[in-house]
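In: this one's structure only:
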């Protein structure tokens, strides 16, 4: 497993998903107390949630590659 392994991608995508969900939550609930400089905080919140969804889909793809890798290893050990 190298630096660009599916496990590494899964860890970073989980962190990105959590971070962007928190940013989206802050933007949608606060009155710009914590984050300033947005003309439309609700649009920025929607964009953060969309990006979190992209990170979540990357996590799912990474999990599929992890499962595929484990199946390949178990089949090569058996045969």
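Out: Everything's here; your move. Just so we're clear, the structure is a prediction, and the values are computed from it rather than from any experiment.
In: helices or strands next to the longest helix seen in the chain in the packing?
Out: What stands out as the longest helix in the chain, according to DSSP state H, is helix 41-78. Secondary-structure packing of helix 41-78 (3 or more CB pairs under 8 Å, 6 or more residues apart in numbering; DSSP states H and E): helix 6-29. To be clear about C-beta, it is placed using only N, CA and C from the backbone, and glycine gets the same treatment.
In: and the helix it packs on, what's its mean pLDDT?
Out: Across helix 6-29, pLDDT averages out at 93.
In: how far does that helix sit from the chain's center?
Out: On the basis of CA atoms, centre = their mean, to the nearest Å, helix 6-29 sits 5 Å off its chain's mean C-alpha point.
In: start the count at 12, not 1, going forward
Out: Noted, 12 is the first residue going forward, which turns the last one into helix 17-40.
In: and residue 19, how far is that from residue 32?
Out: 21 Å (CB to CB, to the nearest Å).
In: Comparing these two, which residue is more hemmed in?
Out: Per other CB atoms under 10 Å, whichever of residue 19 and residue 32 has more neighbours is residue 32, with 17 against 13.
In: residues contacting the more buried one?
Out: Neighbouring residues of residue 32 by CB atoms under 8 Å, 6 or more residues apart in numbering: 59-60, 63.
In: Just give me the neighbour total for the closest residue to residue 53 other than its chain neighbours.
Out: Distance criterion CB to CB, 6 or more residues apart in numbering; nearest residue to residue 53, sequence neighbours excluded, is residue 39 at 6.5 Å. Neighbours of residue 39 under the rule other CB under 10 Å: 14.
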